[in-house]
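A.B. asks: Could you look at this predicted model? Sequence included:
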Amino acid sequence: MKIIPVTCALIIHQGKVLAAQRSETMDLPGKWEFPGGKVEAGENPETCLIREIREELGIEIEVVEQLPVSDYSYPTKTIRLIPFSVFWKSGEIHLLEHSRFAWLDKNNLISMDWAAADLPTVRYLHDNWVTLVIQTNR
Ligand SMILES: Nc1nc2c([nH]c(=O)n2[C@H]2C[C@H](O)[C@@H](COP(=O)(O)OP(=O)(O)OP(=O)(O)O)O2)c(=O)[nH]1
């Protein structure tokens, strides 16, 4: 099966990370995820992420670092999740596609109903919390 590359942003701000809930009109309705989206043909993953975050949240970000990639097979598709830690540069958050968002600290990270593909990234974030918070603090 074809693997679909999907970028996602760990937007870390004031010691918390932004999670967004997929709306009823999206795939995986109601699941929580890190905002982002599919990499278009010929597109660089970082360019994709900056574009997706503008389209979904209306803010400008700066990519800090790529984090470990993981593959996950849903019944009908396999995605390759490419996470990045990012810094929120400017703009106010407006939800243009998702139904809700939440700022999570290390303790409430694990309790969310995450999209299954995100669990390795959630674990990585949990285990490297202090480093990632310091790295994105400007
Ligand atoms: N953006 C994002 N998608 C995720 C995550 N975890 C996860 O399983 N996915 C899945 C949901 C979707 O099936 C796919 C990404 O598609 P999407 O619908 O968000 O991206 P898109 O806007 O580029 O897609 P499209 O509507 O244009 O087809 O990856 C995640 O953390 N972030």
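C.D. replies: Arrived safely, thanks for sending.

A.B. asks: Low-confidence regions, this structure specifically.
C.D. replies: Within the chain, no range satisfies pLDDT under 70.

A.B. asks: Can you show me the strands along it?
C.D. replies: Ranges of strands within the chain are 3-13, 16-21, 32-33, 36-38, 60-66, 70-73, 78-90, 100-104, based on DSSP state E.

A.B. asks: Return the list of helices and strands in contact with the last one.
C.D. replies: Right, strand 100-104. Packing partners of strand 100-104 (3 or more C-beta pairs under 8 Å, 6 or more residues apart in numbering; DSSP states H and E): strand 16-21. (Each C-beta comes from the backbone N, C-alpha and C, glycine too.)

A.B. asks: again with the second one
C.D. replies: Packed against strand 16-21 by the contact rule (3+ C-beta pairs under 8 Å, 6+ apart) you find strand 3-13, strand 32-33, strand 100-104.

A.B. asks: Can you list the neighbours in contact with that strand?
C.D. replies: Outside strand 16-21, the residues within contact range by C-beta atoms under 8 Å, 6 or more residues apart in numbering are 9-11, 30-35, 56-57, 93, 95, 98-105, 109, 112, 125.

A.B. asks: just the first one next, same as before
C.D. replies: Applying C-beta under 8 Å, 6+ apart, the contact partners of strand 3-13 are 17-18, 33-39, 45-46, 48-49, 52-53, 61, 67, 71, 77-88, 103, 117-118, 121, 125, 132-133, 136-137.

A.B. asks: which of those count as buried?
C.D. replies: For those, a burial check counting by 16 or more other C-beta atoms under 10 Å picks out 17-18, 33-37, 39, 45-46, 48-49, 52-53, 61, 67, 79-88, 117-118, 121, 125, 132-133, 136.

A.B. asks: Thank you kindly, that will do.
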